[in-house]
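*Asks:* This is the structure alone, sequence omitted:
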Ligand SMILES: Nc1ncnc2c1ncn2[C@@H]1O[C@H](COP(=O)(O)OP(=O)(O)OP(=O)(O)O)[C@@H](O)[C@H]1O
Ligand SMILES: Nc1ncnc2c1ncn2[C@@H]1O[C@H](COP(=O)(O)OP(=O)(O)OP(=O)(O)O)[C@@H](O)[C@H]1O
Ligand SMILES: CC(C)C[C@H](N)C(=O)O
Ligand SMILES: [Mg+2]
Ligand SMILES: [Mg+2]
């Protein structure tokens, strides 16, 4: 009923390996709702934050807490795909709207898609698929692909392979390491031995840092180009230092992206939190915008959940990454940019794929 | 696999093994020799890495930072032993599990409060930043060679002290029967405080040495913890030699497994350990 | 008196690396006799008992029980054949009462131990056997005391009570009197005198009074080798034994 | 009386009275009914661990293997879109788990002490990687259980697993049955030898018991109970994930049981409630809940010599 | 300065609720040797442990060489040149025979080193062949020799022996008595708990008999002879 606050449940990792991602997402989310406070038609916003620790085992319980105990109107989360599955199990088909601000699992907007589930980030497929074409354009014929053997790792390599081999490229070797092992040195030696035209990879967080450092330490940087899904150089550049120079990645965002909204957002974020945002903050911010815009369009009355969903479906989000809309499966239709690290910054080279839509295999929406 | 690549991987494996030994060295002392089940060992490794990162950012010098961090870790070890561990010596060993798991929580949380959750890296110190030619299109970083030597030096020193000196005998005797050691006129309480603190310092030193090669991230402590225990146990409790050989074997085996059957490579050290324990239920170098 | 050989060893040896703890020992133990085993420290007496009860595997040689070759079997199978032993170094359940210590020992005789449901207290026979064993060694007043809280000498008594509670046909006793006071030792001597009517006993002791009083047969080991086996008098007058083991016995002590 | 201690009787009486009443004050799909159910299920798991660690003397860090297995087995052996009979399949799954425990037990029981800890850990980690890496079993995403089983016995159906309150009572029943089973076993003749093997294995063997057999049987019992808990846990939210099998899961259960008072069995219930309660409380209090949680654990271990049960006993005995 | 080396005054020691030692007092003079006798469970070991602080007494005082050591930790008491051979031998399972002696060896507080590794080897030649074996691998008697050797290399002024001849063969037992006699001649005092009254009678100057944690008899060898009956009933010889 009107007058009740709008409850936003947040299920992100605030401890453990993905803590930084969780915090960024939450900060972005809060910033969006703060900026839009005037458009909420008087609705008060209340946040309930729960730490997932990026552990899937507690995901259904926490989701149940947000759904049943706190009766949240929107639930934002998570970062980790495994956790996403646990949340989906609980929330799928319910009235409460779930917005995923990071986890890329194909299933979320694929076979398990559901009217009440949205994603403001990406599907694993999206950042990697265009990179196959990029590799071909650069003239690479033989590529060594390496990642972790888990959902996003496999989906990323598969997406790359899909476009790369379709265009006549050859994957000389496809290596899937156990997650989250970071013992890369021997693989770097193998790469040196195989001597491919380029290397394609998906790693994130600590693994990304370690891989890029090992690659450089063993002297391969500058000899064999390193391509990747954009997470290889997101939030990790400072730690990677010089080792990351020249790495080319595909992602739906870049910090220096020349979009007015991006400049605005970056400054606002910096004013609010004292540091500049990264991709995870952008995705959280867009989740916040999606909520704010929906409330705005419904004039503050979100009691009709069907209306909420159908309003949200039609939104065009003015994201720092450029405007995007939701696909039928509720995944963003967005540009993927080719970026290259220069002087510690991901510099946009080109748009690798425009308005790219995830194939949403298996989704019946 | 070509012979050249075989040797390259062998070197990689040995180097990884040496690093493993380094990371496990503190645990070998604290757990293997003194018999304290310290699950917070990984946290000490993490503390070392974060401290050196922090001091490098402040002072700019790796050497100064390394020394500062090691000294702080030593102090931390003394405090932990005095305030916490010491109270549990005459209790069930499992209480140590509880205590040190509590410590993991606290350290992880302090890490996040003090240093935030961003991943960090430490640059290789300038003096060691070069690399030597290795194969056709790869080279070997000097720092990693340096680290390998540090590991060997620590292994040798540890082996010497524990098995050859009177101090080492006292430490071992303390694990066997504290009361009796004290009845021989030895201040076992202070001795254990110091040795525990040295164990903590070794863990931190491994974090320091590893910092320029690895990433400094939340949860980095837990990720090495089990491997350390595996190394100590494969070698046989209390045997420095065993831990050293165990670490090298684990390093080489997991390196080859990683390239030959990558998807299995996380399992391989467990399979190896199970096999070792089935043949030698007390580890390779059990007395 | 029966002259049946109940237990027999044939060229039994145990080597630890270079140390020959026991070398080529062939002995025969007769039914319903007390067979003493003496020898200097480190002669291999405990090693011999450890092999006779299955806890140690011989390096070479054989052990026969009633004609069956039994070396190499699991220790618990030895017990099932009625071979029970006491330990030189006290080896009890420190955290439970003396009664429970003996009940564990006695239970196997009376009931199946794989019964997951029947209460352990339900069987009267077990309890009675345990109590009886405790009384035999003189621990009547300690039945309900936790074993860790009785003195060392009393623990030695308990050690013996536990073997008695298993009611074996062959008792292998490793210095049962060590650590006991006079009264207790005296009591044990009486007890053994009584028991050897029904059991075969192998007794290792350094208490010469006890050994001389009790032994029907006496074996002397020295440095892993078999010096002599005979009656008490034969052994006592053997000069090699005096030299290796007894010393000038009457002079100093023999209390 | 299988509950020897006064404290034990008082605690259990209070616990069961409160536990029986909880749903009366809560709505059916209230979060708290679900949370309480999870705690009960965990308590079953922790009790089975406490039995092994505290009473049999098998300190395992691989117990979660069976916890996870209970859930995975359900997904594997039941048809995806058909409601099977809960009781039959529970027996079936416990049977398979017992077989697995037999095989694992034969391997791991060759070692003891710290080596046993590590070898159990290794085996559970291997199982974890097996499920984590396998596409068929959902990898790190885990698997969903789409159909909850039905629970009729001889055509009578008084439980509906889709109803959280019913599920709650099913879990409470599991606590009761597990508690009684463990207590009866411990008091039995078998229990006597098991206890003896923990206190002094060498002597027990010298008294004519094949301790390997006693340990193996105990290991199978403990593991099967854990698998049952795992099955319930998987069914509660209809979700299995390899993370249920990690050593961290085993470690957390170990923490709960030590906290409660090692080897007391009822302490496992106490420890589970306390741990989960504290975590819930701190999580809702602060983002740095781990700091408080860690602090609380450290304080408790320093202040309580024998866990919470030990503390209660000090207050209530004599 | 008094001649007393060790003086125990009104010791009361409890294990939990059970009161074991009741106002126990006795005194041992320098260079003297004293026996402590009593039946099983009467509190002999408890007395020794109370003196050393291994089991802290509830009340009472222990003086060593004229100084009150009641409040010192065990290791500091031992550092005043006391050595202890515990009941059950106290072997270290992870140290070799040689290491047992090496780790314990130290000069006394005046820097005197009468007992060293070699002397222990001449005293117990049996140990010579077992130097690289672990302490727990020795036979019972060998362990006992090692425990005594380990105490001797700390060069004590007071040796406390708790059933040190348990499990020793008659010949070796004699050797031990001889050793104790020699060390006594060199001015080392001994406090001996043993079963062997005859040997103790010859060897010791004073005798204390405890019954249920109380001093039942305290006197010289002559006094012992005079009160033999009283003592023997207490020991039920
Ligand atoms: N596990 C072992 N490893 C190496 N040597 C051993 C081991 N066990 C025993 N020994 C050696 O074997 C020899 C015989 O030992 P055993 O215990 O049988 O002697 P014993 O005759 O019982 O002596 P005691 O009267 O002192 O008890 C000893 O010298 C001992 O050092
Ligand atoms: N840890 C303990 N807890 C409780 N009671 C104990 C403990 N240790 C010893 N006692 C009790 O204290 C009393 C004295 O024991 P103590 O060991 O001093 O006897 P003792 O004279 O040395 O006997 P023994 O000749 O058998 O060694 C005994 O009655 C014993 O039951
Ligand atoms: C980008 C990554 C942090 C994504 C995360 N690993 C996932 O499972 O989806
Ligand atoms: Mg012996
Ligand atoms: Mg005593």
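*Replies:* Everything's here; your move. Note that the coordinates shown come from a computational prediction; the quantities given were computed from them, not determined experimentally. Numbering: from 1, shown residues only, chains lettered A, B, ... in the order given. Ligands and ions are numbered 1, 2, ... in the order given.

*Asks:* ok, the residue lying closest to residue B:59 once chain neighbours are set aside - how many residues close by?
*Replies:* Using Cβ to Cβ, 6 or more residues apart in numbering or on different chains and skipping the chain neighbours, the partner closest in space to residue B:59 is residue B:65 (5.8 Å). C-betas here are computed from N, CA, C, even on glycine. The tally of other residues near residue B:65 (other Cβ atoms under 10 Å in any protein chain shown) stands at 23.

*Asks:* quick one: the host helix or strand of residue B:65 to chain centroid distance?
*Replies:* Assigned by DSSP states H and E, residue B:65 belongs to helix B:62-83. Distance, stretch centre to chain centre, for helix B:62-83: 15 Å (Cα atoms, centre = their mean, to the nearest Å).

*Asks:* Does chain E have contacts with the helix or strand following that helix?
*Replies:* Later in the chain than helix B:62-83, the nearest helix or strand by DSSP H and E is helix B:93-115. No: applying Cβ under 8 Å from any Cβ of the partner chain, one finds helix B:93-115 out of contact with chain E, separated by at least 15.8 Å.

*Asks:* which strands and helices sit next to helix B:93-115?
*Replies:* Taking 3 or more Cβ pairs under 8 Å, 6 or more residues apart in numbering or on different chains; DSSP states H and E as contact, the helices and strands that helix B:93-115 lies on are helix B:41-59, helix B:220-235, helix D:247-261, helix D:289-303.

*Asks:* residues of the longest one that come out buried?
*Replies:* Burial within helix B:41-59, assessed by neighbour count using 16 or more other Cβ atoms under 10 Å in any protein chain shown, is assigned to B:41-56.

*Asks:* likewise stretch C:108-124?
*Replies:* Going by 16+ other Cβ under 10 Å, stretch C:108-124 has these buried residues: C:108, C:110, C:111, C:113, C:115, C:116, C:120, C:123.

*Asks:* Quick one: mean pLDDT over stretch A:220-231.
*Replies:* Stretch A:220-231 shows a mean pLDDT of 95.

*Asks:* in the stretch 1-150 of chain A, which ranges drop under the pLDDT threshold?
*Replies:* Along the stretch 1-150 of chain A, segments meeting pLDDT under 70 span A:1-3.

*Asks:* ok, which stretches of it are helices?
*Replies:* Using DSSP state H, counting those that start in this stretch, the helices found in the stretch 1-150 of chain A span residues A:19-35, A:59-64, A:81-91, A:125-137.

*Asks:* ok, the residue in the stretch 1-150 of chain C positioned nearest to chain E - how many residues close by?
*Replies:* Nearest residue of the stretch 1-150 of chain C to chain E: residue C:41, at 2.6 Å (Cβ to the nearest Cβ). Counted with other Cβ under 10 Å, residues neighbouring residue C:41 total 24.

*Asks:* how would you label it: helix, strand or coil?
*Replies:* Three-state call for residue C:41 (DSSP: H, G, I helix; E, B strand; the rest coil): coil.

*Asks:* can you tell me which residues contact it?
*Replies:* Contacts for residue C:41 (Cβ atoms under 8 Å, 6 or more residues apart in numbering or on different chains) come out as E:126, E:139, E:140, E:141, E:142, E:144, E:145, E:167, E:168, E:169, E:172.

*Asks:* and the two most separated of these?
*Replies:* Distance extremes for the contacts of residue C:41: the farthest pair is E:126 and E:167 at 13.2 Å, using Cβ to Cβ.

*Asks:* Among those two, which residue is more densely surrounded?
*Replies:* Remark: of residue E:126 and residue E:167, residue E:167 carries more neighbours, 26 against 20, as counted by other Cβ under 10 Å.

*Asks:* helix/strand/coil for that one?
*Replies:* Per three-state DSSP, residue E:167 ends up coil.

*Asks:* Please tell me I have it right and residue B:224 contacts residue B:43.
*Replies:* No: under the criterion of Cβ atoms under 8 Å, residue B:224 lies out of contact with residue B:43, with a separation of 10.3 Å.

*Asks:* Name the helix or strand for the nearest residue to residue E:40 once chain neighbours are set aside, please.
*Replies:* Excluding the flanking residues, the one nearest residue E:40 by Cβ to Cβ, 6+ apart is residue C:153, at 2.9 Å. Here residue C:153 sits within helix C:152-166, counting by DSSP H and E.

*Asks:* quick revisit: considering only the buried residues of stretch C:108-124, which also neighbour chain D?
*Replies:* Residues of these in contact with chain D (Cβ under 8 Å from any Cβ): C:108, C:111, C:113, C:115, C:116, C:120, C:123.

*Asks:* Which pLDDT value belongs to the last one?
*Replies:* Which is residue C:123. 88.

*Asks:* can you tell me which residues contact the closest residue to it other than its chain neighbours?
*Replies:* Counting by Cβ to Cβ, 6+ apart, residue C:123 lies nearest to residue C:111, which is 5.4 Å off, once chain neighbours are set aside. Residue C:111 makes contacts with C:118, C:123, C:125, C:126, D:189, as judged by Cβ under 8 Å, 6+ apart.

*Asks:* Residue A:7 too?
*Replies:* Contact analysis of residue A:7 by Cβ under 8 Å, 6+ apart lists A:46, A:48, A:70, A:71, A:72, A:73, A:74.

*Asks:* filter the residues you listed to the buried ones?
*Replies:* Counted by 16+ other Cβ under 10 Å, the contacts of residue A:7 give A:48, A:70, A:72, A:73, A:74 as buried.

*Asks:* between the contacts of residue C:41, which is nearest chain B?
*Replies:* In terms of Cβ to the nearest Cβ, no member of those lies closer to chain B than residue E:144, at 14.4 Å.

*Asks:* For the residue in the stretch 101-250 of chain B that ligand 2 sits nearest to, the count of nearby residues, please.
*Replies:* Nearest residue of the stretch 101-250 of chain B to ligand 2, counting by Cβ to the nearest ligand atom: residue B:179, 12.2 Å away. Per other Cβ under 10 Å, the neighbour tally for residue B:179 reads 15.

*Asks:* likewise the one 3 residues further on?
*Replies:* Using other Cβ under 10 Å, residue B:182 has 23 neighbouring residues.

*Asks:* and it, what is it in contact with?
*Replies:* So residue B:182 contacts B:188, B:189, E:54, E:73, E:74, E:75, E:78 (Cβ under 8 Å, 6+ apart).

*Asks:* which of these count as buried?
*Replies:* The buried subset of the contacts of residue B:182 - by 16+ other Cβ under 10 Å - is B:188, B:189, E:54, E:74, E:75, E:78.

*Asks:* thinking again about what came up before, closest one of the contacts of residue B:182 to residue B:233?
*Replies:* residue B:188 (25.4 Å).

*Asks:* which residue ranges form the strands in chain E?
*Replies:* E:4-15, E:18-29, E:33-37, E:59-64, E:67-68, E:82-85, E:158-162, E:189-193, E:206-211, E:214-220 (DSSP state E).

*Asks:* which one of those strands lies closest to ligand 4?
*Replies:* strand E:82-85 (18.1 Å; Cβ to the ion).
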